[in-house]
Structure formats: structure tokens, C-alpha cells
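Q: Quick one: sequence plus predicted model below, questions after.
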Amino acid sequence: MHQTVRKIFLALHLYLGLISGIVVSIVCITGCLYIFKDEINDLRQPWKFVTAQQQEMLLPTQAIAIADQEIPEMKATAVTYGESTDAIMVDYIIWGQKASHVYINPYDGEVLKVIHRKTGDFEFFSFILNGHRYLWLPREIGRPVVGTCVILFLITLVTGMMLWWPKYWSRKTIRRSFTIKKGSSFWRLNFDLHHVLGAYAMIILCMLCLTGLVWSFQWYSTGLYYITSGGKELKPYTLPQSDTLQITKALQEPLDKLYQQLRQEEPGAKTLYIVLPYNESAVFRVSLEHVRRSYYRTDNLFFDQYTLQPLEGSGPYAGKYKEASAPDKLRRMNLELHDGRIFGIWSKIIVFLASLTGASLPITGMLIWYKKRFSFRHRKLRATR
């Protein structure tokens, strides 16, 4: 690499890393803590699970009638069915005010747990996610700050890789570039942790930056979709409406009929989440997971609340997964690429280790900078004596 170019890369790597370092470390650490949220919650929330039985589950109206006895002052907003060992969950949500959740044994109707939350109540993983996305600042301030620092970190990663890349590949340079020297001094160990671990994690960290920016900047989200779709416009996620002219012809117990229809059409579905209509023109909104906790391998369907006629929404998340276009599937996949769910627990572990490395890079990098600056001043001081 030409020395002038190397000096430019070195300056960008140093100063952009110093500027974004604190924010990057916070974002990476909070990301590490959030990755295993589902596994941790499963361990600390045993009421979400039951013993599987060889009998039919309660119908949605039956589950809601039981839940209504626990929360008579509110109207149910959604019902969730899982696999044979999952409890039914009935939601009661007033957005921006409060939420309640009733967990019910799907076989005998026993109420396993009732949870009440109000806006402002502390919840650990919500707190962590807020730090990851907004640094616990107001959204309109924290989101662009995080996004800007992620862009700076991305440039730092690329310039770091260019500085790391050996001029000539040999057995010696390979060993030096990919291994941490044992028994070395603190400063040498710190350099190796920055130099070697950064190389191993660079590709994953770049992917995390590129996928994370989708939530920081609208221009990036629409631009990325434009590129991946070959010039198509990213359509907003919109819901259809029920035909209110059909009120007099409404089906009896449409929720139960919809549930039975979906179970018959997709018997292998892992999770069935049904949002109930909240007014006369609203629809039944259904999320049907084909793979447990897979956000992108999910059908997002809409049905007229009176006739159960299938309706179409818009945006990359609407419709059946199998029928989605390649760019829409990629957009649906964005979250699972970002949090490591894409290939199950092993990809989560890889993303966790990469994020942990990402949190350490600003620290080890700052120590390298401090050591060089301190050594330079020390040598200069000795030369003047």
C-alpha cells in the first residue's frame, strides 16, 4: 500500500474510532445482552409452558372468555397459540398506556399467570433494547446519533482491514495475522486482541452495521431496498379494511372459524398470532410462523372480520413468505441477520462473540493509540535531556 494512502487510512481509522468508540461499545454490549433474550425469558417464565396432551386445544373464544374473567375492564386485543407445550396467551393492550397478558393452559383452561404492565414500568430487556437503539435518549435524538456512529464504525472496520492486510502473504504473516502470541507483554497482548480478533469479527461486524442502519435512517432503508430489488420502491406497510356493508351477513363466531381454517391449512405452523379487529372496519391480522421465532419465515395475512375473505396488505412484510419476492424476503430477513437468529443458536453465538469483540475494539484501539503517544512523548523527552 502506498504510504500516503496508508497514512489516510490510519488517520481515518484512528480519529473515527475515537469519535464513535464510546457509542459503539455501548451498542455492542447491549446487543450482546439482548441476543439471548428469548432463551433467558423461557428459563425465568415457566408459566409459558405446559405438558402436551392428546386432546384438542381450547378455541379462541373459549380462551378469551376465561381471560376476560381475569381482566373484565379491558377488551382482548390478540390471542397467541404456540406448539403443543405452549400456553395460550391473550393480550389486552391500550397502546401507550398499559398492557396485560393472560397465560392459559390450552387443554383444561387453567389460568397459569396474569401479568400487568404500565407505560414506564421497568423491564430489563426493554431497557437494554432502548440503549441499543437510542442510548436511552429520546428517539429523535438517539436514533441518528447511533446511526451516525455506526457509519463511522463501518468506515473504521474497512480501514482497519486495509491496514491489517499483509503486503505479502507467507507462513509468517499468516501466523502473525491470525494468532495471538502467548506469553507476551500487556501491550503486545492488547495489540493482538485488536489486530487479530478484529480480523476474525470484521465480516460479521460489517453485516451487523449494514443491517442495523435500516432502523436508523429512512433514506438508507429505502435506498437499500432500491438496490436489492433492482430499482423498485419500498412500499409502506399498510393494512386492508373489512367491508362494513357485510355486517348484516357476518358469520357466527368468525374468530373460531378462522382459527380452525388456519389450523387445517397449516397444520405444521409453530405459532399462530391473531390480532382482533378493534373497530368496524378493522381486519383479523394473522402472523403464522413456519419456524419457531423466525420473523421472516412468517405469513402475515389479513381477513375480513365479517366474511373471513382473504385480503391483501402492502409492503415487504405482508403476505405469505413463500410467495414473497427475493428482495422482500431479504428485507424480512434483516432482523434475523442482525440478531443472529437466522441459523439458530449457533449463529446467535457467532453474533454474540462478534459483538463482544466489537465492544472491545474501541478500548484496545484507544490503548494502542495511548501507548504510541505516550512512548513518542517519552522518547522526545529523553532526547531533550
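A: Happy to help now that I have it. Residues are numbered from 1 along each chain as shown.
Q: From now on I want contacts and neighbour counts done on CA atoms only, so please keep to that.
A: OK.
Q: quick one, phi/psi of residue 115?
A: Main-chain dihedrals, residue 115, degrees, to the nearest 10: phi -120, psi 130.
Q: Tell me, please, where in the chain the pLDDT is lower than the cut-off.
A: Scanning the chain for pLDDT under 70 picks out the ranges 1, 375-385.
Q: quick one, helices of it?
A: Assigned by DSSP state H, the helices in the chain fall at 3-35, 37-44, 60-70, 124-134, 139-164, 171-178, 186-212, 218-228, 254-265, 326-339, 345-384.
Q: For the longest one, buried residues please.
A: Buried residues in helix 345-384, counting neighbours by 16 or more other Cα atoms under 10 Å, are found at 347-349, 351-368.
Q: What is it packed up against?
A: Here helix 345-384 touches helix 3-35, helix 186-212, going by 3 or more Cα pairs under 8 Å, 6 or more residues apart in numbering; DSSP states H and E.
Q: That helix to helix 186-212, inter-axis angle?
A: Put simply, helix 345-384 runs at 130 degrees to helix 186-212, going by axes from the mean of the first three to the mean of the last three Cα atoms, to 10 degrees.
Q: Could you check the angle helix 345-384 makes with helix 326-339?
A: Using the same axes, to 10 degrees: helix 345-384 against helix 326-339 is 60 degrees.
Q: now the second one
A: Taking the same axes, to 10 degrees, helix 37-44 and helix 326-339 form an angle of 60 degrees between their directions.
Q: Tell me what residue 310 is bridged to.
A: Beta bridges link residue 310 to residue 303, judged by DSSP bridges.
Q: who's in contact with it?
A: 301-304 (Cα atoms under 8 Å, 6 or more residues apart in numbering).
Q: Would you convert those residues into TSV that also reports neighbour count and distance to residue 281?
A: Shown next, in TSV, are those (neighbours: other Cα atoms under 10 Å; distance: Cα to Cα, whole Å):
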residue	neighbour count	distance to residue 281
301	21	16
302	26	12
303	21	11
304	23	9
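Q: Quick check: residue 156 touching residue 18?
A: No - using Cα atoms under 8 Å, residue 156 is not in contact with residue 18, being 9.8 Å away.
Q: of those two, who's got more company?
A: residue 156 (23 against 18; other Cα atoms under 10 Å).
Q: how close does that one sit to residue 7?
A: Distance, residue 156 to residue 7, by Cα to Cα, to the nearest Å: 14 Å.
Q: Same check on residue 302?
A: In terms of Cα to Cα, residue 302 sits 57 Å off from residue 7.
Q: likewise residue 272?
A: 56 Å.
Q: who has more neighbours, these two?
A: Set residue 272 next to residue 7 and count neighbours by other Cα under 10 Å: residue 272 wins out with 22 against 13.
Q: Any idea what the more buried one is bridged to?
A: Under the criterion used (DSSP bridges), residue 272 bridges to residue 81, residue 288.
Q: my guess is it meets residue 287, correct?
A: Yes - at 6.1 Å, residue 272 counts as touching residue 287 under the criterion of Cα under 8 Å.
Q: Now do the buried residues in stretch 267-276.
A: 269-276.
Q: chain center to it: distance?
A: Centre-to-centre, stretch 267-276 and its host chain are 20 Å apart (Cα atoms, centre = their mean, to the nearest Å).
Q: for stretch 175-187, same thing?
A: The answer for stretch 175-187 is 35 Å, by Cα atoms, centre = their mean.
Q: Check what contacts it and list those residues.
A: Residues from elsewhere that reach stretch 175-187 (Cα under 8 Å, 6+ apart): 164, 189, 192-193, 195-196, 199-200, 368, 371.
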